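*Asks:* The following comprises the amino acid sequence and a computationally predicted model.
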Amino acid sequence: MKKVVLLLLLSVFLFGCDSYLNKSVFEPLSREEVKKSVEKDSLFTSVYMYTQVIKEFKLKSELEQAEYSDLTYKRLYKFVKFMKDSAYFNSMNEKFGKEWENKYGIYSTKVDSVLNYWQKYKDENSLNQYVSIELTDIKKYYYSYIGGLKSVYLGFKLTPLKGDIEQFRFGFSIKSKIETNNKKPQSDMDYSWCLVDIPLTKQTTAVFEPNYSDRDIFESRNLEEFLRDYNLNIKITDIRKDGKNISDKDLGIPESVESYWKYKDTKYFDDIFNAGLIRETVFKDYLDKEEYQKEETQKILEKKDPLSYKFVKLGGEVAGNLQKISDSLDNLKNSLK
């Protein structure tokens, strides 16, 4: 806290005699005034450019600006100076982290048990219990006149496990057994989809064509080599049995759990999936540590100066059009040269 006071006293010393900074942020400063302020503290460059961008893209009319009529350059500068005090806010974040552990930490420990519950539920109710699907053959056909690969077909052994099946739909995707660090989640677009629309009453074989994008994988590999290098992920999505349609969507698995499974082994996975899972299945008001620290920091800033805080928050809305902001800042920088 002593450091915060010293910084504020320093800002008063630097800008205390510059009466032109008592102008409203909607009044332009002269080139000389901007230059003088920037020379005293380079932070003022950001403060001034920030006001210009908000005026240009958010608060354009006098009516919109009226709410901020008491906001001066000096007042905004002091607020931004406080906001940029990394030492103070780093210490506060440590404090907020301990508060988070006491308030929310217990919920983060429940993720594994929730996932285990739904994995067991999914396994017990999976459509895989109705039919077994096994890759048994790779058939390749070539152009007779040039010798190039013409088409690829995969042979599957289909075995009903719980009586006759009238029809069903399944898909298969291919993933290398040696993954790179640049993993991406698989979507339905990565699957080759197959429809078995004749009754399956006994073990039989069926042939299906993989996605065109997967043909190169099979061109130089036989069945044994393919199974050595790749995993074939098979997903059954729909079955009709005894005149009743059954879908994997009927399982009712929470969306947050499905997202967790989908992204957990990819480069996109982070704490946001844990937080979403906990909010949907354990405690709806849960915040992860980063969210809690951010929320508590915002409370400090709002209490410090509600008007400056609200003005600064407009920047988040303005940021929706980054290109315009970038162009505006470039123009402003050029005008200050």
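*Replies:* Now that the structure is in, tell me what you want to look at.

*Asks:* how much distance is there from whichever helix or strand Tyr117 is part of to the middle of the chain?
*Replies:* In the assignment (DSSP states H and E), Tyr117 maps to helix 111-125. Distance of helix 111-125 from its chain centroid, counting by C-alpha atoms, centre = their mean, to the nearest Å, is 24 Å.

*Asks:* could you say what helices and strands it packs with?
*Replies:* Counting contacts by 3 or more C-beta pairs under 8 Å, 6 or more residues apart in numbering; DSSP states H and E, helix 111-125 is packed against helix 255-263, helix 271-281. No exception for glycine: its C-beta is placed from N, CA and C like everyone else's.

*Asks:* Next up, the contacts around Leu155.
*Replies:* Leu isn't right for residue 155; it's Gly. Leu135, Thr136, Asp137, Ile138, Lys139, Thr205, Ala206, Val207 (C-beta atoms under 8 Å, 6 or more residues apart in numbering).

*Asks:* Angles on the backbone of the second one, please.
*Replies:* When read as degrees, to the nearest 10, the backbone of Thr136 gives phi -130, psi -10.

*Asks:* How many residues are close by it?
*Replies:* 10 (other C-beta atoms under 10 Å).

*Asks:* In this structure it contacts Tyr153, no?
*Replies:* No - if you go by C-beta atoms under 8 Å, Thr136 and Tyr153 don't touch, sitting 11.9 Å apart.

*Asks:* May I see the helices and strands packed on helix 111-125 organised as TSV, with distance to Tyr143 and mean pLDDT added?
*Replies:* Converted to TSV, these look like this (distance: least, C-beta to C-beta, whole Å; pLDDT from 0 to 100):
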stretch	distance to Tyr143	mean pLDDT
helix 255-263	39	90
helix 271-281	47	91
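
*Asks:* and Phe208, backbone torsions?
*Replies:* The phi/psi pair for Phe208 (degrees, to the nearest 10) is phi -140, psi 150.

*Asks:* Need the residues that contact the longest helix seen in the chain.
*Replies:* Counting by DSSP state H, the longest helix found in the chain is helix 86-108. With C-beta under 8 Å, 6+ apart as the test, helix 86-108 has contacts from 1, 3-4, 274, 278, 282-283, 286-289, 292-293, 296-297, 300.

*Asks:* farthest-separated two in the contacts of Gly155?
*Replies:* Ile138 and Ala206 (14.0 Å; C-beta to C-beta).

*Asks:* neighbour count winner among those two?
*Replies:* Legend: neighbour count by other C-beta under 10 Å for Ile138 and Ala206, higher for Ile138 (19 against 14).

*Asks:* Confirm the more buried one sits in a strand?
*Replies:* Yes - the assignment for Ile138 is a strand, going by DSSP: H, G, I helix; E, B strand; the rest coil.

*Asks:* And the residue of the chain most remote from its centre, its phi and psi?
*Replies:* Most distant residue from the mean C-alpha position of the chain: Tyr145, 50.0 Å away (C-alpha atoms, centre = their mean). Backbone torsions of Tyr145, given as degrees, to the nearest 10, read phi -90, psi -20.
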